[in-house]
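Engineer: Sequence below, structure please.
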Amino acid sequence: MFFLGLLLFLLWPVAELIVVIKVAEAIGVLLTLALLIVGWPLGMWAIRSQGRAVWRRMAVAVNEGRAPTREVLDGALVLIGGTLLMIPGFITDVIGILLLAPPTRVPLRHLLARNFRSRVVTQTVRFTTRGNVYDVDSTASDVDQPRLRR
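Structural biologist: Alright, predicted model coming up:
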């Protein structure tokens, strides 16, 4: 897993650079730079507007008395998508736009929720079954400790 992350970390900027060069060859350097610069304010706007909408839906869920799990995952995906838009590069921009669009966010949210749910259950079971024996029925009684000699 570490090797895969390191490989992705090293190859991602190379892929972004190749895409930027190809786009610059197709539409020109100035327009390419303008598109890369526009990503920053667009990402800021997306985080603010989509973030407010997610915050309102989260408040509605809490007022209705249900856990805002869907809204929290939406908020995280919006934050990641807006941040990716602010990072210069066309690949990150496409991924950021996909994370900001509600139709494409739904399948990813379901995938994350299922993965998170299975990890939480696994960690909880692992944590609660570490060999500790609990007296669930309250059948334990105190035993007098032998007196120590002084």
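Engineer: Could you check how many residues crowd around M44?
Structural biologist: When counting by other CB atoms under 10 Å, one arrives at 14 neighbours for M44. Glycine gets a C-beta too; all of them are placed from N, C-alpha and C.
Engineer: Over to P68?
Structural biologist: 18.
Engineer: check contacts around it.
Structural biologist: Residues in contact with P68 (CB atoms under 8 Å, 6 or more residues apart in numbering) are R57, M58, A61, V62.
Engineer: can you count the residues close to the second one?
Structural biologist: Put plainly, it is M58. 17.
Engineer: related to what we said a few turns ago, could I get the contacts of P68 as a markdown table with secondary structure, pLDDT and distance to L6?
Structural biologist: Output for the contacts of P68, formatted as a markdown table (DSSP: H, G, I helix; E, B strand; the rest coil; pLDDT from 0 to 100; distance: CB to CB, whole Å):
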| residue | secondary structure | pLDDT | distance to L6 |
| --- | --- | --- | --- |
| R57 | helix | 86 | 37 |
| M58 | helix | 86 | 36 |
| A61 | helix | 85 | 39 |
| V62 | helix | 85 | 40 |
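Engineer: Can you turn the buried part of the residues you listed into a PyMOL selection?
Structural biologist: Selection of the buried residues among the contacts of P68 in PyMOL, burial being defined by 16 or more other CB atoms under 10 Å:
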select buried, resi 58+61
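Engineer: Max pairwise distance over the contacts of P68: which two?
Structural biologist: The span of the contacts of P68, defined through CB to CB, is set by R57 and V62 at 9.9 Å.
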